[in-house]
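Trainee: Sharing a model prediction with you, sequence too.
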Amino acid sequence: MSSTSSTKRTERPDLPSTVLVGRVLRRHGVRGEVLVEVLSDVPGRLDRGSSLLVTDGEGEPLAGAAARDLPSCLTVAAARPHRDAVLVRFAGFEDRERAAALAGIWLAVERERVPPLPEGSFYPFELVGCRCRDGERELGRVVDVVEDGGGLLLIVEEPEGAGEEGARSPRRLPIPFVASFLRRIDVAAGEIDLELPPGLAEACESTS
(Lines give C-alpha, C1' and ligand atoms only; values in the text may rest on other atoms or scores of the structure.)
Protein backbone atom coordinates (compact mmCIF):
# COMPACT_ATOMS: atom_id res chain seq x y z
CA MET A 1 0.00 0.00 0.00
CA SER A 2 1.23 3.48 -0.63
CA SER A 3 0.56 7.16 -0.12
CA THR A 4 2.27 10.44 -0.85
CA SER A 5 2.89 11.11 2.85
CA SER A 6 6.38 11.24 4.29
CA THR A 7 7.79 8.74 6.77
CA LYS A 8 11.00 7.89 8.59
CA ARG A 9 11.90 4.18 8.66
CA THR A 10 13.34 2.98 11.95
CA GLU A 11 12.34 0.26 14.36
CA ARG A 12 9.32 0.58 16.67
CA PRO A 13 9.09 -1.59 19.80
CA ASP A 14 5.48 -2.66 19.21
CA LEU A 15 6.11 -4.05 15.70
CA PRO A 16 5.56 -7.83 15.45
CA SER A 17 8.56 -10.16 15.37
CA THR A 18 6.94 -12.23 12.61
CA VAL A 19 4.72 -11.42 9.62
CA LEU A 20 2.01 -13.72 8.26
CA VAL A 21 2.53 -14.79 4.64
CA GLY A 22 0.04 -17.63 4.16
CA ARG A 23 -2.63 -19.91 5.58
CA VAL A 24 -3.14 -23.62 4.95
CA LEU A 25 -6.78 -24.08 4.01
CA ARG A 26 -7.00 -27.86 3.61
CA ARG A 27 -5.27 -30.88 2.14
CA HIS A 28 -5.66 -31.52 -1.56
CA GLY A 29 -5.61 -34.84 -3.37
CA VAL A 30 -3.58 -37.89 -2.34
CA ARG A 31 0.01 -36.70 -2.98
CA GLY A 32 0.48 -34.75 0.24
CA GLU A 33 -0.39 -31.37 -1.20
CA VAL A 34 -2.19 -28.67 0.78
CA LEU A 35 -4.02 -25.61 -0.50
CA VAL A 36 -2.37 -22.41 0.75
CA GLU A 37 -3.93 -18.95 0.69
CA VAL A 38 -1.12 -16.49 -0.04
CA LEU A 39 -1.06 -13.38 2.17
CA SER A 40 2.16 -11.84 0.86
CA ASP A 41 3.00 -9.77 -2.20
CA VAL A 42 6.68 -10.71 -1.96
CA PRO A 43 7.63 -13.06 -4.84
CA GLY A 44 9.06 -16.45 -4.00
CA ARG A 45 7.59 -16.87 -0.52
CA LEU A 46 6.42 -20.39 -1.42
CA ASP A 47 9.23 -21.38 -3.78
CA ARG A 48 10.89 -24.75 -3.34
CA GLY A 49 13.32 -24.64 -0.42
CA SER A 50 11.59 -21.72 1.32
CA SER A 51 11.45 -21.93 5.10
CA LEU A 52 8.26 -20.84 6.89
CA LEU A 53 7.32 -20.61 10.56
CA VAL A 54 4.29 -22.50 11.89
CA THR A 55 2.13 -19.99 13.78
CA ASP A 56 -1.37 -19.12 14.90
CA GLY A 57 -3.39 -16.31 13.31
CA GLU A 58 -1.52 -13.69 15.36
CA GLY A 59 1.92 -14.78 14.18
CA GLU A 60 2.73 -16.48 17.50
CA PRO A 61 4.01 -20.09 17.83
CA LEU A 62 1.11 -22.48 17.33
CA ALA A 63 -0.32 -23.74 20.62
CA GLY A 64 -0.55 -27.52 20.64
CA ALA A 65 1.80 -27.89 17.67
CA ALA A 66 3.73 -30.66 19.43
CA ALA A 67 0.52 -32.60 20.04
CA ARG A 68 -0.15 -32.48 16.28
CA ASP A 69 3.44 -33.56 15.62
CA LEU A 70 4.19 -30.31 13.82
CA PRO A 71 7.62 -28.66 13.74
CA SER A 72 8.12 -24.96 14.43
CA CYS A 73 9.32 -24.49 10.86
CA LEU A 74 8.34 -26.04 7.50
CA THR A 75 10.31 -26.29 4.26
CA VAL A 76 8.58 -26.14 0.88
CA ALA A 77 9.33 -29.28 -1.14
CA ALA A 78 7.22 -28.31 -4.16
CA ALA A 79 4.62 -25.69 -5.11
CA ARG A 80 2.37 -24.93 -8.06
CA PRO A 81 -0.35 -22.33 -8.70
CA HIS A 82 -3.97 -23.41 -8.28
CA ARG A 83 -6.68 -20.83 -9.06
CA ASP A 84 -6.30 -18.03 -6.50
CA ALA A 85 -4.07 -20.07 -4.20
CA VAL A 86 -1.02 -22.35 -4.31
CA LEU A 87 -0.74 -26.11 -3.91
CA VAL A 88 2.23 -26.89 -1.69
CA ARG A 89 4.01 -30.03 -0.50
CA PHE A 90 6.08 -29.56 2.63
CA ALA A 91 9.11 -31.69 3.44
CA GLY A 92 8.14 -34.48 5.82
CA PHE A 93 4.44 -34.16 4.96
CA GLU A 94 4.38 -35.81 1.56
CA ASP A 95 1.45 -38.17 2.10
CA ARG A 96 -2.27 -37.55 2.50
CA GLU A 97 -2.47 -38.42 6.19
CA ARG A 98 0.48 -36.25 7.24
CA ALA A 99 -0.75 -33.35 5.10
CA ALA A 100 -4.10 -33.38 6.90
CA ALA A 101 -2.35 -32.26 10.12
CA LEU A 102 -1.41 -28.96 8.47
CA ALA A 103 -4.97 -27.78 7.88
CA GLY A 104 -5.68 -24.46 9.55
CA ILE A 105 -2.12 -23.42 10.39
CA TRP A 106 -0.75 -19.99 9.51
CA LEU A 107 2.65 -19.48 7.91
CA ALA A 108 4.97 -16.61 8.80
CA VAL A 109 8.47 -15.25 8.31
CA GLU A 110 10.68 -13.23 10.63
CA ARG A 111 10.12 -9.50 10.19
CA GLU A 112 13.80 -9.14 9.23
CA ARG A 113 13.02 -11.15 6.08
CA VAL A 114 10.44 -8.60 4.90
CA PRO A 115 12.05 -6.40 2.21
CA PRO A 116 11.87 -2.61 2.60
CA LEU A 117 9.29 -0.78 0.52
CA PRO A 118 9.84 2.38 -1.51
CA GLU A 119 9.50 5.70 0.29
CA GLY A 120 5.83 6.50 0.88
CA SER A 121 4.69 2.85 0.85
CA PHE A 122 3.73 0.81 3.90
CA TYR A 123 3.04 -2.71 5.05
CA PRO A 124 -0.19 -3.23 7.05
CA PHE A 125 1.77 -4.43 10.10
CA GLU A 126 3.58 -1.06 10.17
CA LEU A 127 0.30 0.86 10.32
CA VAL A 128 -1.39 -1.25 13.01
CA GLY A 129 -0.74 0.39 16.37
CA CYS A 130 -0.21 3.88 14.96
CA ARG A 131 -1.93 6.74 16.78
CA CYS A 132 -4.25 8.76 14.53
CA ARG A 133 -5.11 12.46 14.80
CA ASP A 134 -7.47 14.61 12.76
CA GLY A 135 -6.04 18.05 13.36
CA GLU A 136 -6.07 18.44 17.16
CA ARG A 137 -8.59 15.62 17.66
CA GLU A 138 -7.28 12.27 18.89
CA LEU A 139 -9.08 9.50 16.99
CA GLY A 140 -7.37 6.48 18.53
CA ARG A 141 -5.05 3.77 17.24
CA VAL A 142 -5.14 1.59 14.14
CA VAL A 143 -6.24 -1.92 15.16
CA ASP A 144 -6.62 -3.40 11.67
CA VAL A 145 -6.14 -2.71 7.98
CA VAL A 146 -8.82 -4.25 5.73
CA GLU A 147 -9.74 -4.40 2.05
CA ASP A 148 -13.35 -3.38 1.46
CA GLY A 149 -13.45 -3.98 -2.30
CA GLY A 150 -13.02 -0.33 -3.15
CA GLY A 151 -9.70 0.19 -1.41
CA LEU A 152 -8.01 -0.10 1.96
CA LEU A 153 -9.48 1.01 5.26
CA LEU A 154 -7.68 1.85 8.48
CA ILE A 155 -9.81 0.57 11.37
CA VAL A 156 -9.19 3.05 14.18
CA GLU A 157 -10.37 2.40 17.73
CA GLU A 158 -10.97 5.40 19.96
CA PRO A 159 -8.52 6.12 22.81
CA GLU A 160 -8.60 3.90 25.89
CA GLY A 161 -11.11 5.16 28.43
CA ALA A 162 -13.15 7.14 25.92
CA GLY A 163 -15.92 4.54 26.04
CA GLU A 164 -16.25 4.40 29.84
CA GLU A 165 -19.07 6.91 30.12
CA GLY A 166 -22.33 5.01 30.23
CA ALA A 167 -20.37 1.74 29.95
CA ARG A 168 -20.48 1.88 26.17
CA SER A 169 -17.95 -0.03 24.09
CA PRO A 170 -15.09 1.80 22.36
CA ARG A 171 -16.05 3.06 18.93
CA ARG A 172 -14.28 2.05 15.75
CA LEU A 173 -13.83 4.34 12.80
CA PRO A 174 -13.07 2.98 9.30
CA ILE A 175 -10.94 5.55 7.51
CA PRO A 176 -10.20 5.22 3.78
CA PHE A 177 -6.44 4.96 3.27
CA VAL A 178 -6.21 7.57 0.53
CA ALA A 179 -3.65 10.28 -0.06
CA SER A 180 -6.24 13.07 0.08
CA PHE A 181 -6.95 12.28 3.77
CA LEU A 182 -3.32 11.82 4.80
CA ARG A 183 -1.09 14.66 5.96
CA ARG A 184 1.78 12.72 7.51
CA ILE A 185 2.73 9.14 8.37
CA ASP A 186 5.65 8.51 10.71
CA VAL A 187 5.97 4.75 11.09
CA ALA A 188 8.94 5.02 13.45
CA ALA A 189 6.99 7.24 15.86
CA GLY A 190 3.74 5.34 15.31
CA GLU A 191 1.82 8.46 14.23
CA ILE A 192 -0.63 9.23 11.44
CA ASP A 193 -1.90 12.79 10.93
CA LEU A 194 -5.13 13.07 8.96
CA GLU A 195 -7.27 15.79 7.44
CA LEU A 196 -10.75 14.29 7.18
CA PRO A 197 -13.74 15.93 5.49
CA PRO A 198 -16.15 17.51 8.02
CA GLY A 199 -18.59 14.94 9.43
CA LEU A 200 -16.78 11.86 8.08
CA ALA A 201 -15.76 10.54 11.48
CA GLU A 202 -19.27 10.92 12.93
CA ALA A 203 -20.88 9.30 9.86
CA CYS A 204 -18.60 6.26 9.77
CA GLU A 205 -17.98 5.41 13.42
CA SER A 206 -19.38 2.18 14.86
CA THR A 207 -19.50 0.59 18.30
CA SER A 208 -17.55 -2.67 18.57
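Mentor: Ah, there it is.
Trainee: Could you check the pLDDT of residue 101?
Mentor: Residue 101 is assigned a predicted lDDT (pLDDT) of 92.
Trainee: tally of neighbours for the nearest residue to it once chain neighbours are set aside?
Mentor: Spatial nearest neighbour of residue 101, chain neighbours left out: residue 68 (5.1 Å); criterion: CB to CB, 6 or more residues apart in numbering. For glycine as for every other residue, the C-beta is placed from the backbone atoms N, C-alpha and C. Using other CB atoms under 10 Å, residue 68 has 14 other residues around it.
Trainee: Could you look up the SS state of residue 68?
Mentor: Three-state assignment for residue 68 (DSSP: H, G, I helix; E, B strand; the rest coil): coil.
Trainee: separation between it and residue 103?
Mentor: Distance, residue 68 to residue 103, by CB to CB, to the nearest Å: 10 Å.
Trainee: care to break the protein down by domain?
Mentor: 18-113, 128-207 (automatic domain parsing).
Trainee: could these go into TSV alongside distance to residue 12?
Mentor: Compiled in TSV, the domains of the chain are given as follows (distance: least, CB to CB, whole Å):
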stretch	distance to residue 12
domain 18-113	11
domain 128-207	6
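Trainee: Out of these, which gets nearest to residue 119?
Mentor: domain 128-207 (10.9 Å; CB to CB).
Trainee: and that closest one, how far out from the chain's middle?
Mentor: For domain 128-207, the separation from the chain centroid amounts to 17 Å (computed by CA atoms, centre = their mean, to the nearest Å).
Trainee: what's the weakest-modelled helix or strand in the protein?
Mentor: Scoring the helices and strands of the chain by mean pLDDT, DSSP states H and E places strand 206-207 at the bottom, with a mean of 55.
Trainee: count of neighbours near the closest residue to residue 195 other than its chain neighbours?
Mentor: The spatially closest residue to residue 195, leaving aside those adjacent along the chain, is residue 183, at 5.2 Å (CB to CB, 6+ apart). When neighbours are defined as other CB under 10 Å, residue 183 has 14 of them.
Trainee: Could you say which helix or strand holds residue 183?
Mentor: According to DSSP states H and E, residue 183 maps onto strand 182-186.
Trainee: Quick check: phi and psi at residue 33.
Mentor: With angles defined as degrees, to the nearest 10, residue 33 sits at phi -80, psi 150.
Trainee: From what I see, it and residue 86 are in contact.
Mentor: No: applying CB atoms under 8 Å, one finds residue 33 not in contact with residue 86, separated by 9.6 Å.
Trainee: now the helices for the protein?
Mentor: Using DSSP state H, the helices of the chain run over 96-100, 124-127, 200-204.
Trainee: Tell me which of these is the most buried.
Mentor: Highest mean neighbour count of the helices of the chain: helix 124-127, a mean of 20 (counted as mean count of other CB atoms under 10 Å).
Trainee: elements contacting it?
Mentor: strand 137-147 (3 or more CB pairs under 8 Å, 6 or more residues apart in numbering; DSSP states H and E).
Trainee: So which bits of the strand it packs on are buried?
Mentor: 139-142, 145 (16 or more other CB atoms under 10 Å).
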